[in-house]
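1. A structural model of the following input is requested.
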Amino acid sequence: MSSPDIAGILDNSKELDRLRKEQEEVLLEINKMHKKLISWIGLNELIDNELRLEILCVLCLIIGLAQIELPYLRGSLIGQAPEVVEKPGDSSLSKLKMLYMQAKELSESEVSISSQLLGQLDALMPSGTQGQHRRRIEGSEQKKKRVKADSEVPRLSPSMRSHLESLASLKGEQVAARITQENSGKDEWFVVKVIHFDKETREFEVLDEDPGEDEESTVQRKYKLPMSHIIPFPKRSDLSNIPDFPTGRHVLAVYPETTALYKATVCQTRKRKIDDYVVEFDDDEEDGNLPKRLVPFHRVVALPDGFRQ
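-> You can find the predicted model right below:
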């Protein structure tokens, strides 16, 4: 170890001794002040434990060290002005407060210097020579590995945790799901029922309850889909959170008497949130015109970004 390091240890050791001696002197002064204050009240050694406690509370209230509430005691001093205890022209209470503050500062300085000394002394210890020291190093390395492993686990923000909880609560409900076949050039959306949501993989397990007439099998199909392929429907029981799409807005709506969703355009402004939407579905021409169709408000959702049709 270099000379400057040794000099630093010696300086901190001397400072630590000085702080402790000064603390002892301050504590002696504080004890003297306590005895003086008790003698002022004329109690000396005749006070009982109950009144002794109340005197301590009075002192604490006066010097601002604590806020203590006690029930009314006989001859109670609580609530009386400091002049009842402090004689006119006497600055003892102010001095006592200053002594407490000084003792607090000395104690904090002692903690700081002690921490510095510990660090300097640790640097003096040889590495890998003592079994106990080796075990401490190994334990520290294992702790670092655990901390590193914990840090690699993604920490979710409160908003994301809340979002995942809301998705998990969709179990048993119907949602809009994108079920696109491989090599398909367009997005196909259907009404499905949520069976389970995995918070770890962030995948939905859903059930297509209506496979359709053109399916080879009438067996209901299950799918595992990512979060981005699911859109919850508005809840009829929560009108405050129901979106209100204006006229001309492109939406994704369930085609009447089917479980398929298609791109549509809102045609009329609704008077109430519970009113049906009047929409025109794309590619739904009849005699060269797009018929206007009614769709319940809880079967209309926002058109996803990048929708392919």
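2. Can you get me a residue count around the residue nearest to C267 when sequence neighbours are not counted?
-> Spatial nearest neighbour of C267, excluding adjacent residues (CB to CB, 6 or more residues apart in numbering): V278 at 4.7 Å. Placement of C-beta: from N, CA and C, glycine included. A count of nearby residues for V278, using other CB atoms under 10 Å, gives 17.
3. Break this structure into its domains for me.
-> 3-124, 160-232, 240-309 (automatic domain parsing).
4. Output these as CSV; include the columns mean pLDDT.
-> Formatted as CSV, the domains of the chain follow (pLDDT from 0 to 100):
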stretch, mean pLDDT
domain 3-124, 68
domain 160-232, 86
domain 240-309, 92
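5. related to what we said a few turns ago, how about the residue nearest to C267, what does it touch?
-> By CB atoms under 8 Å, 6 or more residues apart in numbering, the residues touching V278 are V266, C267, Q268, K292, R293, L294.
6. Going by neighbour count, which of those residues are buried?
-> Listed as buried from those are V266, R293; burial here means 16 or more other CB atoms under 10 Å.
7. Reformat the contacts of V278 into TSV and put secondary structure next to each item.
-> Formatted as TSV, those follow (DSSP: H, G, I helix; E, B strand; the rest coil):
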residue	secondary structure
V266	strand
C267	coil
Q268	coil
K292	coil
R293	strand
L294	strand
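8. possible to save the contacts of V278 as TSV with distance to L252?
-> Shown next, in TSV, are the contacts of V278 (distance: CB to CB, whole Å):
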residue	distance to L252
V266	12
C267	15
Q268	18
K292	17
R293	14
L294	16
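9. so which of the contacts of V278 comes closest to T259?
-> Minimum distance to T259 across the contacts of V278 is 15.5 Å, recorded for R293 (CB to CB).
10. What is the neighbour count of the closest residue in space to E280 that isn't next to it in sequence?
-> Among residues not flanking E280 along the chain, L290 sits closest, at 4.3 Å (CB to CB, 6+ apart). Close neighbours of L290, defined as other CB under 10 Å, add up to 16.
11. List the buried residues in the lengthiest helix in the chain.
-> For the chain, the longest helix by residue count, based on DSSP state H, is helix 3-40. Using 16+ other CB under 10 Å as the test for burial, helix 3-40 gives I9, N12, E15, L16, L19, Q23, V26, E29, M33, L37, I38.
12. How about stretch 235-252?
-> Here stretch 235-252 shows F245, R249, V251, L252 as buried, counting by 16+ other CB under 10 Å.
13. and the gap between the third one and V278?
-> Separation of V251 from V278 (CB to CB, to the nearest Å) stands at 12 Å.
14. Can you pull the residues that touch both of those two?
-> Common neighbours of V251 and V278 (criterion: CB under 8 Å, 6+ apart): V266.
15. Identify those among the buried residues of stretch 235-252 that sit within strands.
-> Judged by DSSP state E, these include V251, L252 as members of strands.
16. would JSON lines of the buried residues of stretch 235-252 with distance to R178 be doable?
-> What follows is those, written out as JSON lines (distance: CB to CB, whole Å):
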{"residue": "F245", "distance to R178": "19"}
{"residue": "R249", "distance to R178": "20"}
{"residue": "V251", "distance to R178": "15"}
{"residue": "L252", "distance to R178": "10"}
